[in-house]
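J.: with the sequence up front, the predicted model follows.
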Amino acid sequence: MSTLTKILIVLLSFASIFLCSTAISYVASTRNVQETNKELKTLNQTIQADYMQKKNDFNTKSAEMKASEQQYLATIQELEGDKTSNAAILSSTMREKLDYETKYTELAASVSGINSSVGNLDVQLASTRVELEKQRNKNIATEKYLNEITSQLMAKTVELEALDKKSRRLMEDKVALENQLAGKDTIIAAKVTTLPESSANAVTTTPAKTVRGLVSEIGQTLVTVSVGSADGITKGTVLHVTRGDQFLCDIAITDVDTNKAVGIRQLVQAQPKIGDLVSTEL
Amino acid sequence: MSPKKKIAAASDVFTAILALATCVSVATAAYVAFTCYTYYGTIFQIVQSKP
């Protein structure tokens, strides 16, 4: 065997082995086309089914969207109508607001005027009260002065009545003396001895015993008591009005009845009331 | 007529190399044929895609 033959055998052998290994590796690396085709078909069918389902869903959703759109359009129209009515109400409300604001402004002005008037009336009331207090003080002073004058007048009246009685008795005595001068000396002596007693009784207007009674009626100036001539009360008798231990005033009797008497208040310390105690002695 | 002469290999080494190469080629052909038959169901026909 020649060398060339040997070389050819070796090269051919290695070349065949190399080509066989290349063919095996290529075939081993190929995929199964049929299974891949089946998988792709299955995937295609699945995708088609999904597509149809999605399409149906899309159609359903589109129908729902159209229905919702119709409802929304109807709602929008209703809301537009409500908006229009609300705008009208708002405009009327704004007008009413303006009217109320105007009325409020007028009322505020009126209230401020009334407040100022009330303030002026308060000032006038305060000044009137001050003047009234002054007049009351004047009235009290005048009443006191009147009471004093009245008491003095009553005293003078009592004295005048006593003097009148004394004068009448003196005149009677004078007549009696003139008669006695005509021959009755014993009667003259008796008259002379009785004269001082009668005059003393006329001046002394207080009863011999203590008389107690109650105030039964009170007038503007006169006071009525529950004791009268039956108890020894006469004109000019001064009764003391007390309430408990408090001295209220004196009552100078000006008119006497059997069971009651009327007099004028004197030395008024406090106004008497019905039921207060009157007495000839304190 | 010349008498029959017994043919003898010139070298066993080269004979073994040729035998190995032949076996490899046959095994490769068998593997490729098996694979084609397994994948496509045929050995020599060109497979067409079904609609």
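T.: Looks like it came in fine. Numbering: from 1, shown residues only, chains lettered A, B, ... in the order given.

J.: which SSE is the spatially most central residue of chain B in?
T.: By CA atoms, centre = their mean, chain B has its centre lying nearest to B:V26, at 2.4 Å. For B:V26, the host element (DSSP states H and E) is helix B:12-40.

J.: also A:L163?
T.: A:L163 belongs to helix A:33-181 when assigned by DSSP H and E.

J.: circling back to that earlier point, right, is the helix holding B:V26 up against chain A?
T.: Yes. Helix B:12-40 lies within reach of chain A by CB under 8 Å from any CB of the partner chain, at B:14, B:17-18, B:20-22, B:24-25, B:27-28, B:31-32, B:35-36, B:38-40. (Glycine included, C-beta is placed from N, CA and C.)

J.: give me the buried entries from the residues you listed.
T.: Neighbour counting with 16 or more other CB atoms under 10 Å in any protein chain shown marks B:F14, B:I17, B:L18, B:A21, B:V24, B:S25, B:T28, B:V32, B:T35, B:C36, B:Y39 as buried within those.

J.: and the angle from whichever strand in chain A runs longest to helix A:33-181?
T.: Using DSSP state E, we find that the single longest strand of chain A is strand A:246-256. Between strand A:246-256 and helix A:33-181, the angle comes out at 50 degrees (axes from the mean of the first three to the mean of the last three CA atoms, to 10 degrees).

J.: can you tell me the average pLDDT over strand A:246-256?
T.: Strand A:246-256 carries an average pLDDT of 89.

J.: just checking, what packs against the next helix or strand after that strand?
T.: Sequence order places strand A:261-266 as the next helix or strand after strand A:246-256, per DSSP H and E. Counting contacts by 3 or more CB pairs under 8 Å, 6 or more residues apart in numbering or on different chains; DSSP states H and E, strand A:261-266 is packed against helix A:33-181, strand A:222-225, strand A:246-256.

J.: just checking: what are the partner strands of the shortest one?
T.: Think strand A:222-225. Applying DSSP bridges, strand A:222-225 is found paired with strand A:212-218 (antiparallel), strand A:261-266 (antiparallel).

J.: buried deepest among those, which one?
T.: Most buried of the strands paired with strand A:222-225, by mean neighbour count (mean count of other CB atoms under 10 Å in any protein chain shown): strand A:261-266, with a mean of 22.

J.: hey, C-alpha coordinates of it in CSV?
T.: The C-alpha trace of strand A:261-266 is given here as CSV (Å, rounded to 0.1, in the frame of the first residue of the first chain):
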residue,chain,number,x,y,z
ALA,A,261,-113.8,111.1,117.8
VAL,A,262,-112.0,112.8,114.9
GLY,A,263,-108.8,114.7,115.2
ILE,A,264,-105.8,116.1,113.3
ARG,A,265,-102.4,114.6,113.4
GLN,A,266,-99.6,116.5,115.2
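
J.: what pairs with the following helix or strand past that strand, parallel or antiparallel?
T.: Downstream of strand A:261-266, the next assigned helix or strand under DSSP H and E is strand A:277-279. Paired strands of strand A:277-279, with direction, are strand A:212-218 (antiparallel), strand A:238-243 (antiparallel) (DSSP bridges).

J.: thanks again, I'm all set now.
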